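K.L.:
let's see this in three dimensions:
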Amino acid sequence: MDTIKQSFEKIANQAKQDGAKVEMLISGGESLKLGYQQKKLEKFESTQTQMAGLRVIVGPSQGYAYTENLSEEALLRTYKDALTNAKTVQSTDAVEVPLMKPQQIPAMDLFNPEQVAMDQKLEVARVLEDACLSLDKRVESVPYSGFSESMSFRRILNSEGVDQEFKQNYYSGYAYALAKEGESSKMDGDAFFARSFKDIDAKATSEKGVKKSLSRLGAQKLKTGNYAVVIDREQFPTVIAMISGYLSAKEVHENKSLLKGKLGQKIASEKFQLIDDALNAEGVAVRPFDSEGAPSQKTVLFENGVLKNYLTNLEYAKKMNLPHTAHAARSPASSMDIAPTNLVMAKGSKSLQELLAKYDKVVHLTEFAGALHSGFKEATGDFSMPAEGFLYENGKMVGAIDQFVMSGNVLDLLRDIEDLGNTYNDPGSSTFTPDVLIKSLSFAGA
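P.N.:
I've put the predicted structure just below:
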């Protein structure tokens, strides 16, 4: 018996009597987190969550409420709270907010829970730390390591007849080793993302993490100046994160986007091409439908540097007379927003070594050391980001460098993209980027 469906039908009937439309988003899941410290099991966390969020629409006004109790009584009470909120917070918009009508959803089966013994999962968590400690005597400790198993689900029902559900499960893990030699100490690491347990190679993850840490020992300061820079494929998603908010039609409508009024204009280098692909199963933001139940699709955002589309949900597609791209985003406890899914940047044809050999001196930026919110001004696009990496001269590595700050403007950076690598960053992200060569950026160092 589908008690959720039965409860929602009663809520939808009540909403019809109240002259309202209603949508219910339910999400939740299960997770297991394991971690070792100093060869002892330190973390063993198993959690289960579920929550329902009701959105009630009365003309142009919307009200929200949520509950962790999915009984019929609790859901009906939550609906009434959302209805009250919709009537209390009156919108001045003249446009009635639409609800999604039933449509065919892309087939997507990423839910395949495996019968894996707990001992095997514990062994992965153990190896992530232990392999780091045994690989090199300069590894002093492994401050951060762990293994996770996750299952999540989302279900959307509305009074127009939509009823869609999506489940997925995956494994992830990480190992960050602290290496020390003399007065120099550095920490770096690596991570994995896998849909199947057999694809996990914990030792390889540890080896890559240790290699990164050791390579940064003895880092020197970079002389202040302008340098050509290759932003590593594992770090360029930070740059994409700087512009992702600008692509929201909601941000454009609220005059918060630097891309307002620039549809059809060349914003970036011809090398820069970016799509949003919610159906890419290698990305963590994969989904067959958005938070309104609209079928997912691929959306071209930049083509040869030209801005082609903003991201929209039903409300802003209607309000701004834009194509509907199915990017409604919310949790049960939040109000409706717009957000990207898996952002995929086009690759180039060059190897990393070819990019590093393009100029006499090139900085290979391999780590943004600070948080994005502390070094990026969304209102202007200006950034000043602490970073670390390696200096190359005539294609040969001179050594590791640290304690420098890369400064500039993100839109200028996109315009100055000169060439692209032929390899994407590792799976486990919602952003896929290659290595990116920028002809000149300002660096403050020694």
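
K.L.:
state the pLDDT value of the most centrally placed residue in the chain.
P.N.:
In the chain, the centroid-proximal residue (C-alpha atoms, centre = their mean) is S430; its distance is 4.2 Å. You'll see S430 listed with a pLDDT of 96.

K.L.:
right, and the helix or strand after the host helix or strand of S134?
P.N.:
Per DSSP states H and E: S134 is located in helix 118-135. Later in the chain than helix 118-135, the nearest helix or strand by DSSP H and E is strand 139-158.

K.L.:
how about that following strand, which residues are buried there?
P.N.:
For strand 139-158, the neighbour count (16 or more other C-beta atoms under 10 Å) marks 139, 141-142, 144-158 as buried. Placement of C-beta: from N, CA and C, glycine included.

K.L.:
re the thing from before, what is the helix holding S134 packed up against?
P.N.:
Under the contact criterion of 3 or more C-beta pairs under 8 Å, 6 or more residues apart in numbering; DSSP states H and E, helix 118-135 touches strand 21-37, strand 40-58, strand 139-158, strand 163-181, helix 202-215.

K.L.:
switch the cut-off to 6 Å
P.N.:
Helix 118-135 sits against strand 21-37, strand 139-158, strand 163-181, helix 202-215, with contacts defined as 3 or more C-beta pairs under 6 Å, 6 or more residues apart in numbering; DSSP states H and E.

K.L.:
re the thing from before, report the contact partners of the residue nearest to the centre of the chain.
P.N.:
Taking C-beta atoms under 6 Å, 6 or more residues apart in numbering, we find S430 in contact with 283-285, 342.

K.L.:
hang on, M397 in a helix?
P.N.:
No. Using DSSP: H, G, I helix; E, B strand; the rest coil, the assignment for M397 is strand, not a helix.

K.L.:
state the number of residues packed around it.
P.N.:
Using other C-beta atoms under 10 Å, M397 has 13 other residues around it.

K.L.:
just checking, what packs against the helix or strand of the chain with the lowest mean pLDDT?
P.N.:
The weakest-scoring helix or strand in the chain, judged by mean pLDDT, DSSP states H and E, is helix 372-375 (a mean of 78). Secondary-structure packing of helix 372-375 (3+ C-beta pairs under 6 Å, 6+ apart): strand 382-393.

K.L.:
what do you get if the cut-off is 10 Å, keeping everything else the same?
P.N.:
Other helices and strands packing on helix 372-375, by 3 or more C-beta pairs under 10 Å, 6 or more residues apart in numbering; DSSP states H and E, are helix 236-244, strand 382-393, strand 396-409.

K.L.:
so which of the ones you listed comes closest to L75?
P.N.:
Nearest to L75 among the helices and strands packed on helix 372-375 is helix 236-244; the distance by C-beta to C-beta comes to 33.6 Å.

K.L.:
now the closest one: average pLDDT?
P.N.:
Here the average pLDDT along helix 236-244 is 97.

K.L.:
picking that back up, next secondary structure after the least confident helix or strand of the chain?
P.N.:
Using DSSP H and E, the next helix or strand after helix 372-375 towards the C-terminus is strand 376-377.

K.L.:
and that following strand, what does it pack onto?
P.N.:
Strand 376-377 sits against helix 236-244, strand 382-393, with contacts defined as 3+ C-beta pairs under 10 Å, 6+ apart.

K.L.:
given that strand, what are its sheet partners and their directions?
P.N.:
Strand pairing for strand 376-377, determined by DSSP bridges: strand 382-393 (antiparallel).

K.L.:
just the angle for the partner strand relative to strand 396-409, thanks.
P.N.:
170 degrees (axes from the mean of the first three to the mean of the last three C-alpha atoms, to 10 degrees).
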